[in-house]
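Trainee: can't give you the sequence, but here's the structure:
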Ligand SMILES: Cc1cc2nc3c(=O)[nH]c(=O)nc-3n(C[C@H](O)[C@H](O)[C@H](O)COP(=O)(O)OP(=O)(O)OC[C@H]3O[C@@H](n4cnc5c(N)ncnc54)[C@H](O)[C@@H]3O)c2cc1C
Ligand SMILES: Cc1cc2nc3c(=O)[nH]c(=O)nc-3n(C[C@H](O)[C@H](O)[C@H](O)COP(=O)(O)OP(=O)(O)OC[C@H]3O[C@@H](n4cnc5c(N)ncnc54)[C@H](O)[C@@H]3O)c2cc1C
Ligand SMILES: Cc1cc2nc3c(=O)[nH]c(=O)nc-3n(C[C@H](O)[C@H](O)[C@H](O)COP(=O)(O)O)c2cc1C
Ligand SMILES: Cc1cc2nc3c(=O)[nH]c(=O)nc-3n(C[C@H](O)[C@H](O)[C@H](O)COP(=O)(O)O)c2cc1C
Ligand code: FES
Ligand code: FES
């Protein structure tokens, strides 16, 4: 891979060696994947969500495959903030890549406490605020769908925490532009979109839901065109950088997001399908730029040729 | 197909010989498909949208295939109400199946005029009000996302038109239950859901959108889990019957909708893939009921085994 | 128009990346007309979802053949089909070449796999009825030329252009055609029929117009239903949108609004 | 744990609907332990999307084998693979059977394709180390019995039950096992290992508990990553959720909360 273009990218204060991250919840805390790929090559790692206290998550089954997609209802299972810092963060710190901690809560104060605590830790490069996880019955969805709530949450988070703040938006809204603008006004540094789409599957043989939690979040190629549309809409509405995700399986998919307006992308479900996907996407983006004779990645961002 | 269970179903005043319809826009006005399958076997035909005046539709390309789905931006191309009545309705009338005319407009008065006119015509069994088509820049989306607008539109339509009124909901909303309840309060007899999901695809080679209209509506198996979830949500929120649709390719898919709460289903994109799909779905539902020893289709509706 | 499950009789590579598939389907073979197409489902799976359209290339008794190029997922799957497998076909579809009795000379211009419908046209009845058939065949190189011998076998005059000059005229087939036109060899009672990439068709259409000759083109557009119902496959005509699947795929070039073509 | 592109060496039907596939993958073959599994991608396409997990059934030099039953899309595609095709494998994964040196007798209970990990366990080193190995093999009918001769060839005692009584005991394998237990034949220093359908495992676990014998079960759950990262494949353990892919698939039956199993 000699002579590939420089893929470095700046998302405000957050500088990445390349624009390809791994999406929260699809890469654990990096430990398992470190056995399979070189984490130092990634633009960044968005950790599985961390909550203040340990969370047991949803009853099984938690996963079901649907056409070109995966339906999940993990329910934010995680060991809680303190164990995260002690065991997971200390592991992640060892790698030369950006560590973005995905945080979730059930009320505003949860978020503030986590953010405060993490801003004191070494090795955290940014926070990704999960206001959109559709699996948790309380909180979750409501945070992510109300612009006013988002505005206030972001504002307060900025007051307690100096880290770059990434707001992760849910696609389950009527107008994602509104939500994005509220986050921007509140002071969000970066937006990431999209989280999973609320969905459900029925086992017609048993007449039961296929997920223990009844409903779950749809991810994978099935949602890619929805995610690309939302990135395009939001990129026309805000002036902060966007991390695009949803069904990215190969470089071409990532480029759709970039051309539509994303300054970086995250690979999610595809990590399960092929752990090498993020590395292949990095390579493929480099090759594309080279083939097209585009010398700066930045000039590709939002380059969609249309009359707005 | 001897000895199959009786599949008749009542959606309020609208009685169907079986619960399988064909979805609006995917079956034209029946003319082309009449050469391939026996229209008399269908539970009903939902016509392509009709507008007051002829509509030219969107520039090409209007279709693009995406993972397990179809992205379309037809833009309601149709010959207008008068030509519809003269040429299309007179053809459809000849068949022994329910004719449900899908109507669309850019302002409330369009809908009212069309409804008034059609209620005077023979051979129209119900109207399906398309308030959700995401392709038309004016109207369309806005009607379908605001509960208050929907409530008023339905109320006025009921005043001018005695036909059973089916409200077709868009999935592009934060809370579909709210929208559904507004339609019910306004007096809608039946709900049909879902219409297509707003989406987009980018040609990374040309850096252009793959659709002439930039964004379009996603249909097909990719959206099935989203649609099933919405049917389930709405069926818990309203007391009027639901026609479920979105990615139905086979009987099992249709049964997911029925178990989740739909009293009937519509086959859409699958008509392009295999024109015999609706007939296969009818047969398959019959076989399922027989195999399971369920003697009434109605008892299957909403039979999902969960604690609400 | 019929929907049939058709058996693959053979599926062989003709040049690199191009295959000919034989399909047993008496109902379609019987009624197919040159310029018509079949809409086929490459597999009984949800991905790829839609059918794929292919021009009918040959018809013999109860068999039809298609000539196709592997360009994406669907054609790749198709290229792996083996004898005895079944494929779901809709066909014959669309409007073919309508050639009235005043036409005495056929000038055919084919680029790449665009040769398929023109070969069917020639083999079906052109030779019997025409005083003269001239075929302009274009390809990138002599290795990628399709059907030259077959056309000669039918008794037509064949003129070849290759982009790299490895056979015949060096350049685009439309350039060769233009040269031929400008040398005044287009006689009266001629009809021009063309199929191939859009830029080629655009050129042939405009050259024909200048020569006041009638020109038919076979066009492509992404398709949904393939039978005229969804209005997904439209192109811009002089009087509004036209459906490629039902109003075409063969159009009189003068009915097309070429300014709107991409 | 490795990710490798592995060549299919053979893929043959052993009984109707069940296949054995041989895969060339020295890296995995070298380190695989009985009870571990591979997570494989049946095709390089977006549908089906996820990998599929299969127990390792045999290991010989640089080759592993899996024994699988066609139950859905993925396994159907798998069953059509031919020699020479490549499959992307992750493996070896999970925790296998940990058998300490005090165990002198192995009692294996297998239902259907559940025989796979138990056969690997036996063939690997059970015979050399054990005073006795008894295998309970269950199937619907004698035509569907798997591995009877192979187990005999390893020198184990094989006890067969078929649901229709066409061979051995008539009834479920768990009934035969219960009968055997109640006749007091379970000697000390025995370990029970079971793999098969959930209802069978539940029974074997409860019978073993009543007999105060240690029982290992190999469990299944739908998987995402297969390597412990997504927490999608959990089952309920006595002290909270356990990941089948990482904490299992082999568990001590007493660590499982059987009331929570579906
Ligand atoms: C009436 C008609 C007749 C045709 N006859 C032939 C023929 O005889 N031989 C032959 O090889 N091909 C023919 N084609 C084109 C053929 O249908 C496409 O090449 C095929 O559908 C591509 O399928 P795919 O899954 O391999 O490609 P995809 O993976 O779907 O796409 C690969 C690339 O091809 C483009 N593409 C796909 N479908 C079309 C389409 N319908 N029109 C324009 N671009 C498209 C896509 O945008 C993409 O860039 C015909 C098309 C039409 C409309
Ligand atoms: C650790 C482990 C080891 C396994 N070892 C073997 C083996 O040696 N041989 C063998 O034949 N099978 C084995 N299985 C089961 C095998 O993984 C599934 O049969 C296979 O994934 C089904 O794929 P499919 O695409 O054919 O079925 P699908 O179309 O995905 O599903 C068909 C049916 O199987 C059910 N199903 C699918 N996957 C699973 C799963 N992981 N757990 C429970 N139910 C499921 C679905 O709900 C559906 O009802 C193992 C599973 C696990 C977890
Ligand atoms: C199993 C699973 C777990 C996830 N967990 C989280 C999470 O903890 N926090 C979060 O913000 N997003 C979570 N997501 C959402 C992903 O980060 C991503 O936004 C989404 O899956 C879309 O990308 P994809 O289609 O590439 O997977 C999860 C997704 C999956 C599939
Ligand atoms: C090509 C196309 C055209 C459509 N036109 C209409 C329309 O005119 N009016 C309408 O209410 N819905 C229209 N729809 C939406 C369908 O009726 C249906 O709600 C949607 O496609 C989901 O079902 P499916 O996934 O089975 O196709 C159209 C869908 C497609 C694919
Ligand atoms: S493809 Fe549907 S109208 Fe042509
Ligand atoms: S499958 Fe991901 S943790 Fe087990």
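Mentor: In hand now; what should we look at? Being a predicted model, the structure only gives us computed values, none of them experimental. Ligands and ions are numbered 1, 2, ... in the order given.
Trainee: pLDDT (mean, whole number) over the helix or strand encompassing residue C:176?
Mentor: According to DSSP states H and E, residue C:176 maps onto helix C:173-182. Taken as a whole, helix C:173-182 carries a mean pLDDT of 93.
Trainee: next helix or strand past that helix?
Mentor: With DSSP H and E setting the assignment, the helix or strand that follows helix C:173-182 is strand C:190-195.
Trainee: Now do that next one: which elements does it pack against?
Mentor: Here strand C:190-195 touches strand C:105-111, helix C:115-121, helix C:198-210, strand C:214-218, going by 3 or more Cβ pairs under 8 Å, 6 or more residues apart in numbering or on different chains; DSSP states H and E. Every residue, glycine included, has its C-beta placed from N, CA and C.
Trainee: what's the most buried one of those?
Mentor: For these, the largest average neighbour count (mean count of other Cβ atoms under 10 Å in any protein chain shown) is found in helix C:115-121, namely a mean of 27.
Trainee: any idea which helix or strand comes after it?
Mentor: Note on helix C:115-121: by DSSP H and E, the next helix or strand toward the C-terminus is helix C:127-129.
Trainee: from chain C, which residue is nearest to chain A?
Mentor: Per Cβ to the nearest Cβ, the residue of chain C with the smallest distance to chain A is residue C:46, at 4.9 Å.
Trainee: Pull the contacting residues for the residue lying closest to that residue once chain neighbours are set aside.
Mentor: Closest residue to residue C:46 apart from its sequence neighbours, by Cβ to Cβ, 6 or more residues apart in numbering or on different chains: residue B:221 at 4.5 Å. Residue B:221 is in contact with A:66-68, A:222, B:68-69, B:247, B:249, B:253, C:46, C:49, counting by Cβ atoms under 8 Å, 6 or more residues apart in numbering or on different chains.
Trainee: and of the helices and strands packed on strand C:190-195, who's closest to residue B:124?
Mentor: The closest of these to residue B:124 is strand C:214-218. By Cβ to Cβ, the value is 39.6 Å.
Trainee: Contacts for the helix or strand that the closest one is followed by, please.
Mentor: With elements assigned by DSSP H and E, the helix or strand that comes after strand C:214-218 is strand C:234-237. For strand C:234-237, contacts defined as Cβ under 8 Å, 6+ apart pick out B:57, B:59-60, B:62, B:77, C:219, C:221, C:241-244, C:247-248, C:251, C:255-257, C:259-261.
Trainee: What's the local residue count around the residue in chain C that ligand 4 sits nearest to?
Mentor: Closest contact between chain C and ligand 4, by Cβ to the nearest ligand atom, is at residue C:230 (4.6 Å). With neighbours defined by other Cβ atoms under 10 Å in any protein chain shown, the count for residue C:230 comes to 28.
Trainee: before we move on, what about residue C:62?
Mentor: Residue C:62: 14 surrounding residues under other Cβ under 10 Å.
Trainee: In contact with the residue of chain C closest to chain A: list those residues for me.
Mentor: Neighbouring residues of residue C:46 by Cβ under 8 Å, 6+ apart: A:67-68, B:68, B:220-221, B:249, D:47.
Trainee: among those residues, which are in reach of ligand 6?
Mentor: By Cβ under 6 Å from any ligand atom, no member of the contacts of residue C:46 lies near ligand 6.
Trainee: Lowest mean pLDDT among the helices and strands, pick that one out for the chain.
Mentor: In the absence of a named chain, this looks at chain A. helix A:141-145 (a mean of 72; mean pLDDT, DSSP states H and E).
Trainee: not what I meant, chain C
Mentor: Per-SSE averages on chain C (mean pLDDT, DSSP H and E): minimum helix C:127-129, a mean of 75.
Trainee: So what's the gap between it and the chain middle?
Mentor: Distance of helix C:127-129 from its chain centroid, counting by Cα atoms, centre = their mean, to the nearest Å, is 19 Å.
Trainee: Would you mind identifying the next helix or strand past that helix?
Mentor: Next in line after helix C:127-129, if elements are assigned by DSSP H and E, sits strand C:132-139.
Trainee: Are that following strand and ligand 1 in contact anywhere?
Mentor: No: using Cβ under 6 Å from any ligand atom, strand C:132-139 stays clear of ligand 1, coming no nearer than 13.7 Å.
Trainee: Pull out the buried residues from the helix or strand following that strand.
Mentor: With elements assigned by DSSP H and E, the helix or strand that comes after strand C:132-139 is helix C:148-153. By neighbour count with 16 or more other Cβ atoms under 10 Å in any protein chain shown, helix C:148-153 contains the buried residues C:148, C:150-151.
Trainee: Kindly report the same for stretch C:179-186.
Mentor: C:180-181, C:186.
Trainee: Return the subset of the contacts of residue B:221 lying in helices.
Mentor: residue B:253 (DSSP state H).
Trainee: Can you tell me which of the contacts of residue B:221 is nearest chain D?
Mentor: In terms of Cβ to the nearest Cβ, no member of these lies closer to chain D than residue A:68, at 4.9 Å.
Trainee: what's the pLDDT at that closest one?
Mentor: pLDDT recorded at residue A:68 is 98.
Trainee: helix, strand or coil for the residue in chain A positioned nearest to chain D?
Mentor: For chain A, the residue closest to chain D is residue A:28, as judged by Cβ to the nearest Cβ, at 3.3 Å. The three-state assignment at residue A:28 reads coil, by DSSP: H, G, I helix; E, B strand; the rest coil.
Trainee: Contact partners for the spatially most central residue of chain C?
Mentor: Nearest to the geometric centre of chain C sits residue C:117, at 3.4 Å (Cα atoms, centre = their mean). For residue C:117, the contacting residues are C:34-37, C:55-57, C:96-97, C:195, C:218, C:249-250, by Cβ under 8 Å, 6+ apart.
Trainee: still on that earlier bit, what sits against the closest residue to the residue of chain A closest to chain D other than its chain neighbours?
Mentor: Nearest residue to residue A:28 in three dimensions, chain neighbours excluded: residue D:229, at 3.3 Å (Cβ to Cβ, 6+ apart). Neighbour list for residue D:229: A:26-28, A:31-33, A:48, A:271 [criterion: Cβ under 8 Å, 6+ apart].
Trainee: what's the neighbour count on residue A:219?
Mentor: 30.
Trainee: Contact partners for it?
Mentor: By Cβ under 8 Å, 6+ apart, the residues touching residue A:219 are A:26, A:69-70, A:72, A:196-197, A:246-247, A:268-269.
Trainee: what's near enough to touch the closest residue to residue A:79 other than its chain neighbours?
Mentor: Spatially, and ignoring its direct neighbours in sequence, residue A:79 is nearest to residue A:54 (5.2 Å; Cβ to Cβ, 6+ apart). Each residue near residue A:54 by Cβ under 8 Å, 6+ apart is listed here: A:78-80, A:83.
Trainee: Mind giving me the ChimeraX select for these, buried ones only?
Mentor: Buried residues among those (16+ other Cβ under 10 Å), as a ChimeraX selection:
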select /A:78,79
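Trainee: Which two among the contacts of residue A:54 are spaced furthest apart?
Mentor: Greatest spatial distance in these: A:78 and A:83, 8.4 Å, computed using Cβ to Cβ.
Trainee: hang on, the earlier thing: of the contacts of residue B:221, which is the most crowded?
Mentor: Among those, residue A:222 has the most neighbours (other Cβ under 10 Å), with 36 neighbours.
Trainee: can you tell if the biggest helix by length in chain A touches ligand 3?
Mentor: With secondary structure taken from DSSP H, chain A has its longest helix at helix A:277-292. No: contact of helix A:277-292 with ligand 3 (Cβ under 6 Å from any ligand atom) is absent, the minimum separation being 9.2 Å.
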